[in-house]
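[1] Got a sequence here, can you model it:
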Amino acid sequence: MLMSLLAACGFGAASDAERLALDPLTLERTGWPNDYLVCPAERCTAPADRTAPVLDLPALDQLRLWEEMAAMSERTRILGMDETALTLHVEQRSRIFGFIDTIVVHVLPFDDGLPTAERSTFAAYSRSELGFGDMGVNQARLESWIAQVEAVAGTR
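    Presented below is the predicted three-dimensional model:
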């Protein structure tokens, strides 16, 4: 009961300012089994769990797609979106105890040398703000959101 009360208050979670400063390209992993990182090959300083796909979508359009998808997800709150930096910061609370997870997406234009290319990729990170393990929730969330973005955008 104490854990659920603490979670409801957001106890143990990083401040909004700290979470808004997170960038998947430069963050340090926790080393705990409660985070998940997807990144284009050799773009992130931390080791990624999988390589991000390249999407047939301009970068800003991709960012707006991530925003729409996050806004439609249950128990989410958009902490901030920066169209200039192409970043989106979201929190999602767990269904029962209200534990906070932070999700960050940094969209990147993809230059494949073609003059008409309007493609993009992304780095995305999801982590639990409290606790050691997450029973695969962060990975499952990102994989689900990526599948939704890919279904709309198309991949190469």
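[2] show me what contacts the closest residue to residue 108 other than its chain neighbours?
    Nearest non-adjacent residue to residue 108, counting by C-beta to C-beta, 6 or more residues apart in numbering: residue 121, 5.2 Å away. C-beta: built from backbone N, CA, C; applies to glycine. With contact taken as C-beta atoms under 8 Å, 6 or more residues apart in numbering, residue 121 is in contact with 40, 52, 53, 54, 55, 107, 108, 110.
[3] can I get those residues in JSON lines with secondary structure?
    Listed next are the contacts of residue 121 as JSON lines, based on DSSP: H, G, I helix; E, B strand; the rest coil:
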{"residue": "40", "secondary structure": "coil"}
{"residue": "52", "secondary structure": "coil"}
{"residue": "53", "secondary structure": "coil"}
{"residue": "54", "secondary structure": "coil"}
{"residue": "55", "secondary structure": "strand"}
{"residue": "107", "secondary structure": "strand"}
{"residue": "108", "secondary structure": "strand"}
{"residue": "110", "secondary structure": "strand"}
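[4] Going by neighbour count, which of the residues you listed comes out on top?
    Within the contacts of residue 121, residue 107 tops the neighbour count with 27 neighbours, counted by other C-beta atoms under 10 Å.
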